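Q: no sequence on hand, only this structure:
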């Protein structure tokens, strides 16, 4: 409980930073996480339980509203993009109400491979591995492993196709004015 309280205090300080306080944010993220690669960017608000169970690689980007419930290890690779409102939840509770009412829970690790992109409001549940280079569609609920190099969507999240060399030639982005 003391680690959770300390981590929630650090998250509160992080969430209260001004947009130009990049160095303060970096110091706080390094204090929260068990391991942190180079050049992470996390947009507030951000919430987690313990922090020490979270490891992120280089060039990690998370948009607003990331929640990581890290009762078990969460390992996120390099060059991973996480859209707004994503939840990564290692914890679960028994279906049986007697055991659940006793406060029983379990936690299983989550792993997200290098170069993955997690779409807005996706939920990643306990015990899941998402392969490198894969894309998880917005609003997906990931309840089982997703292989590398695929696009997966839905509830439950399922593979809709492989990512191919043709994808490098697609002009599937929109230009916006700043």
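A: Okay, I see it. This structure is a prediction, so every number in the text was calculated from the model and none was measured.
Q: how close does residue 61 get to residue 126?
A: Remark: distance between residue 61 and residue 126 (C-beta to C-beta, to the nearest Å) = 24 Å. No exception for glycine: its C-beta is placed from N, CA and C like everyone else's.
Q: between these two, which is the more surrounded one?
A: Per other C-beta atoms under 10 Å, whichever of residue 61 and residue 126 has more neighbours is residue 126, with 19 against 16.
Q: so that one sits against residue 87, correct?
A: No: the pair residue 126 / residue 87 is not scored as a contact, 11.4 Å apart, by C-beta atoms under 8 Å.
Q: which residues are common contacts for these two?
A: Listed contacts common to residue 126 and residue 87 are nil; contacts here mean C-beta atoms under 8 Å, 6 or more residues apart in numbering.
Q: off-centre distance for the longest helix along the chain?
A: In the chain, taking DSSP state H as the definition, the longest helix is helix 2-15. Offset of helix 2-15 from its chain centre (C-alpha atoms, centre = their mean, to the nearest Å): 18 Å.
Q: any idea how far the helix or strand that that helix is followed by is from the middle of the chain?
A: Next helix or strand after helix 2-15 toward the C-terminus (DSSP states H and E): helix 22-32. Put simply, helix 22-32 sits 17 Å off its chain's centre (C-alpha atoms, centre = their mean).
Q: for helix 22-32, buried residues please.
A: In terms of neighbour count (16 or more other C-beta atoms under 10 Å), helix 22-32 has its buried residues at 25-26, 28-29, 32.
Q: what's it packed up against?
A: helix 2-15 (3 or more C-beta pairs under 8 Å, 6 or more residues apart in numbering; DSSP states H and E).
Q: where does pLDDT dip in the protein?
A: Applying pLDDT under 70 to the chain flags residues 171-178.
Q: at 80 what do you get?
A: The chain contains residues with pLDDT under 80 at 170-178.
Q: need the residue in it that's farthest from the chain's center.
A: For the chain, the residue at maximal distance from the C-alpha centroid (C-alpha atoms, centre = their mean) is residue 98, at 31.0 Å.
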